[in-house]
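**Student:** Take a look and give me a structure for this.
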Amino acid sequence: MSTPYPLKSVTAPEDEFNARLALFDALKSAARDITLPLFTDGMQVQNKASGSDFDPVTNADVEGERRLRALITNTLADDSIEGEELPDITGCNDWLWTLDPIDGTRAFVAGVPVWSTLVALSYRGVPVIGMIDHPAMGQCFMGITHADQSEAWRLDDNGTKTVLSTRGRDALSNCTLGCTEPLAMLGPGELAAYNIIRRGCAFSRLGLDAFGYGLVASGRMDIIIEALLKPCDVRALMPVVHGAGGRITNWHGGSPVNGGRVVCVGDAGLLPELYTYLGRAMTP
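**Tutor:** Residues are numbered from 1 along each chain as shown. Here you go, the predicted model:
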């Protein structure tokens with residue numbers, strides 16, 4: 001039976017860490033300046049996929065990422081940057097930013113407010129700060145897992161700060177399960193495993209994108225199971241969920257830092273049973 005990978009703890013120079021943490025407010029504001037007006041007033045939508053598939057990208061995705069990159073490079077020119085829409089920037093130190101100005105582009109296009117801006121900061125390959133900002137809902141989830149710091153909180157636009165903590169669950173039958181879109185994300189074997197788990201849970205909710213992970217960190221949901229995630233989809237989630245006391249791994253218990261099939265729980269005690277079901281669907 002698989003067990004969750006050990007959480008890595010890294011310690012960066014405190015002044016370097018604090019300088020980057022201080023930049024997150026500016027990054028949040030800069031992204032909102034681009035994304036919110038286009039969400040409200042309309043946007044240009046292009047399909048990145050071929051054939052009958054639909055993988056939308058908007059001018060908000062591209063311009064938002066360009067704005068975030070400019071802020072980072074103007075302040076921290078030696079840092080590396082990865083994003084969904086623009087070429088990677090290879091820096092000359094141990095810091096890496098991973099950007100997704102609009103996670104949940106389909107929600108953004110459809111007028112559903114759960115889309116978010118994801119920003120992750122990693123040190124030596126380990127995400128240490130994560131931001132899940134939901135501009136249209138007026139709230140932002142933040143998490144830190146660095147040195148002896150492990151915490152997560154939600155900032156509302158009215159100035160309220162709420163410390164986040166996941167909830168304990170002793171059985172799947174008490175759990176709420178989430179997935180953005182199982183029919184699109186999961187192949188036949190994966191979907192069969194997902195449905196076994198879904199039938200064992202109290203109930204499930206769909207279409208949440210990164211907001212579902214914020215709900216797990218808040219103790220409102222218990223499990224998220226997804227696949228086909230990119231690194232920019234998952235790295236910002238990790239400090240938020242881990243900082244609140246939860247866990248994110250891949251379906252076999254390994255690190256999810258490079259995306260793929262991901263399972264997120266508020267209570268790590270649920271993972272061994274989940275791995276059993278998920279492991280029946282495919283080989284690692």
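
**Student:** so residue 138 makes contact with residue 155?
**Tutor:** No - the pair residue 138 / residue 155 is not scored as a contact, 9.5 Å apart, by Cβ atoms under 8 Å. Placement of C-beta: from N, CA and C, glycine included.

**Student:** all strands for the stretch 151-284 of the chain, in order.
**Tutor:** For the stretch 151-284 of the chain, the strands defined by DSSP state E, counting those that start in this stretch occupy 161-163, 176-179, 203-206, 223-229, 247-250, 260-265.

**Student:** The longest one pairs with which strands, parallel or anti?
**Tutor:** When pairs are called by DSSP bridges, strand 223-229 turns out to pair with strand 176-179 (parallel), strand 260-265 (antiparallel).

**Student:** list the buried ones in that strand?
**Tutor:** Residues of strand 223-229 classed as buried: 223, 224, 225, 226, 227, 228, 229 (neighbour count, 16 or more other Cβ atoms under 10 Å).

**Student:** Ok, the third one next?
**Tutor:** Within strand 203-206, the residues that qualify as buried by neighbour count (16+ other Cβ under 10 Å) are residue 204.

**Student:** so how far is it off the chain centroid?
**Tutor:** Relative to its chain's centre, strand 203-206 lies at 18 Å (Cα atoms, centre = their mean, to the nearest Å).

**Student:** what is the rounded mean pLDDT of it?
**Tutor:** Over the span of strand 203-206, the pLDDT mean works out to 97.

**Student:** Name the nearest residue to residue 86, sequence neighbours excluded.
**Tutor:** Spatial nearest neighbour of residue 86, chain neighbours left out: residue 65 (5.5 Å); criterion: Cβ to Cβ, 6 or more residues apart in numbering.

**Student:** Pull the number of nearby residues for the one you found.
**Tutor:** Using other Cβ atoms under 10 Å, residue 65 has 23 neighbouring residues.

**Student:** What helix or strand is it located in?
**Tutor:** Here residue 65, judged by DSSP states H and E, is contained in helix 59-75.

**Student:** before we move on, back to that, higher neighbour count, residue 138 and residue 155?
**Tutor:** Counted by other Cβ under 10 Å, residue 138 and residue 155 do not tie: residue 155 has more neighbours, with 18 against 12.

**Student:** pretty sure that one is touching residue 142, no?
**Tutor:** Yes - at 6.6 Å, residue 155 counts as touching residue 142 under the criterion of Cβ under 8 Å.

**Student:** wait, isn't residue 28 in contact with residue 134?
**Tutor:** No - Residue 28 lies out of contact with residue 134 (Cβ under 8 Å); the separation is 10.5 Å.

**Student:** Need the overlap of contacts for those two.
**Tutor:** When Cβ atoms under 8 Å, 6 or more residues apart in numbering defines a contact, the residues bordering residue 28 and residue 134 alike are residue 140.

**Student:** Compare those two (neighbour count), which wins?
**Tutor:** residue 134 (22 against 19).

**Student:** Mind listing the residues bridging to the closest residue in space to the more buried one that isn't next to it in sequence?
**Tutor:** Spatially, and ignoring its direct neighbours in sequence, residue 134 is nearest to residue 116 (5.0 Å; Cβ to Cβ, 6+ apart). Note on residue 116: beta-bridge partners by DSSP bridges are residue 103.

**Student:** Pull the number of nearby residues for residue 8.
**Tutor:** Neighbours around residue 8, by other Cβ under 10 Å: 13.

**Student:** Could I get the full set of helices for the chain?
**Tutor:** Along the chain, the segments classed as helices by DSSP state H run 14-21, 24-41, 59-75, 105-110, 182-185, 188-200, 211-217, 231-234, 237-243, 271-279.

**Student:** Relative to residue 130, tell me which of these wins on proximity.
**Tutor:** Nearest to residue 130, of all the helices of the chain, is helix 237-243, at 3.6 Å by Cβ to Cβ.

**Student:** For the closest one, give me every contacting residue.
**Tutor:** So helix 237-243 is contacted by 7, 118, 120, 127-132, 141-145, 150-152, 164, 166, 210, 213-214, 216-217, 247-248, 256-257, 264 (Cβ under 8 Å, 6+ apart).

**Student:** now stretch 190-198
**Tutor:** Contacts for stretch 190-198 (Cβ under 8 Å, 6+ apart): 172, 177, 179, 182-183, 186, 204, 223, 225, 227, 261, 274, 277-278, 280-282.
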